[in-house]
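Engineer: Have a look at this fold, sequence not included:
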């Protein structure tokens, strides 16, 4: 495949501030629902966020390139998962997972 | 760069979020709805009524107009009196769905008016808990929705 046709991704590392602990499955489900609500189906399809790493206090989502601004804004606007307050603080954006994991 | 936020709770570690200090409502910064004889500074006038706001703004350091109505008379009056408007992030974060979209639209338009007529504004979170605080970088991201670039957003947080 020509490299121009290959999808290019960005990885957004974020810190999780929440009193409640979530399992990876729960967190992924909630995140997907909230982001879909914030972005709408059209923007969500352009961004296609996917949780690729989760540790309970930090996580990394994979998004399509050139949608970093929208994703960061959407993450900053998240205030609740169900009715539990939560804050996802985007701390780093990288072109590789390795780059994200290396940055504290 | 030094950033300041206004919050409505005891914020122990503003440095963790990238702020050099956080001003607590009622202790470091004071919100009024009418001019008071014992006015403490820095003071914020928070009124829904435009006439009252225009009449009393000269007594206060900052003006908070929660409806973010685009009124040329009000904005030019603030420019003349060298008063700054307050944009509260809790107005955005405290709402969900269509209500939040409407507030984002109103603030975006209000900021556009401010920029057109040269009115200055500051951005603060007015958070009631740590979950409502957003770091300067995050505010930069939210500012993208308000048609501001991250430098303009950072400048609005430095001016406090």
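Structural biologist: Arrived safely. If you're wondering where the values come from, they're calculated on a predicted model, not measured in any experiment.

Engineer: Distance of residue A:31 relative to residue A:98?
Structural biologist: 22 Å (Cβ to Cβ, to the nearest Å). The way it works is simple: take the backbone N, C-alpha and C, and place the C-beta from them, glycine included.

Engineer: Those two: who's more crowded?
Structural biologist: residue A:31 (23 against 10; other Cβ atoms under 10 Å in any protein chain shown).

Engineer: Correct me if wrong: that one contacts residue A:51.
Structural biologist: Yes: in this structure, residue A:31 is within contact of residue A:51 by Cβ atoms under 8 Å, at 6.2 Å.

Engineer: What does the pLDDT read for residue A:4?
Structural biologist: You'll see residue A:4 listed with a pLDDT of 84.

Engineer: neighbours around it, how many?
Structural biologist: The burial count for residue A:4: 6, using other Cβ under 10 Å.

Engineer: hang on, the earlier thing: pull up the overlap in contacts between residue A:31 and residue A:51.
Structural biologist: Common neighbours of residue A:31 and residue A:51 (criterion: Cβ atoms under 8 Å, 6 or more residues apart in numbering or on different chains): residue A:61.

Engineer: Is chain B within reach of the host helix or strand of residue A:35?
Structural biologist: Secondary structure assigned from DSSP states H and E places residue A:35 in helix A:24-47. Yes: using Cβ under 8 Å from any Cβ of the partner chain, we find that helix A:24-47 touches chain B at residue A:37.

Engineer: Which elements pack onto that helix?
Structural biologist: strand A:50-54, strand A:58-64, helix A:68-77, strand A:80-81 (3 or more Cβ pairs under 8 Å, 6 or more residues apart in numbering or on different chains; DSSP states H and E).

Engineer: tell me the most buried of the ones you listed?
Structural biologist: helix A:68-77 (a mean of 22; mean count of other Cβ atoms under 10 Å in any protein chain shown).

Engineer: That one vs strand A:58-64, what angle?
Structural biologist: 140 degrees (axes from the mean of the first three to the mean of the last three Cα atoms, to 10 degrees).

Engineer: What about the closest residue to residue B:92 other than its chain neighbours, how many residues nearby?
Structural biologist: Nearest non-adjacent residue to residue B:92, counting by Cβ to Cβ, 6 or more residues apart in numbering or on different chains: residue B:103, 5.6 Å away. Residues contacting residue B:103 under the criterion other Cβ under 10 Å number 19.

Engineer: tell me which residues form a beta bridge with residue B:87?
Structural biologist: residue B:123 (DSSP bridges).

Engineer: what residues are up against the spatially most central residue of chain A?
Structural biologist: Centroid-nearest residue in chain A, with Cα atoms, centre = their mean: residue A:61, separated by 3.7 Å. Residue A:61 is in contact with A:11, A:12, A:14, A:31, A:49, A:50, A:51, A:52, A:71, counting by Cβ under 8 Å, 6+ apart.

Engineer: ok, it to chain B distance?
Structural biologist: 14 Å (Cβ to the nearest Cβ, to the nearest Å).

Engineer: shaky segments in the chain?
Structural biologist: Let's take chain A. Residues of chain A meeting the criterion pLDDT under 70: A:103-104.

Engineer: Oops, wrong one, chain B.
Structural biologist: Ranges of chain B meeting pLDDT under 70: B:159.

Engineer: how about a cut-off of 90?
Structural biologist: B:1, B:12-13, B:33-42, B:49-55, B:59, B:70, B:149-152, B:154, B:157-160 (pLDDT under 90).

Engineer: Strands of that one, start to end?
Structural biologist: For chain B, the strands defined by DSSP state E cover B:4-7, B:21-24, B:30-32, B:43-46, B:62-64, B:84-88, B:120-124.

Engineer: Any chance of TSV for these, columns mean neighbour count?
Structural biologist: Formatted as TSV, the strands of chain B follow (neighbours: other Cβ atoms under 10 Å in any protein chain shown):
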stretch	mean neighbour count
strand B:4-7	24
strand B:21-24	17
strand B:30-32	17
strand B:43-46	20
strand B:62-64	22
strand B:84-88	23
strand B:120-124	23
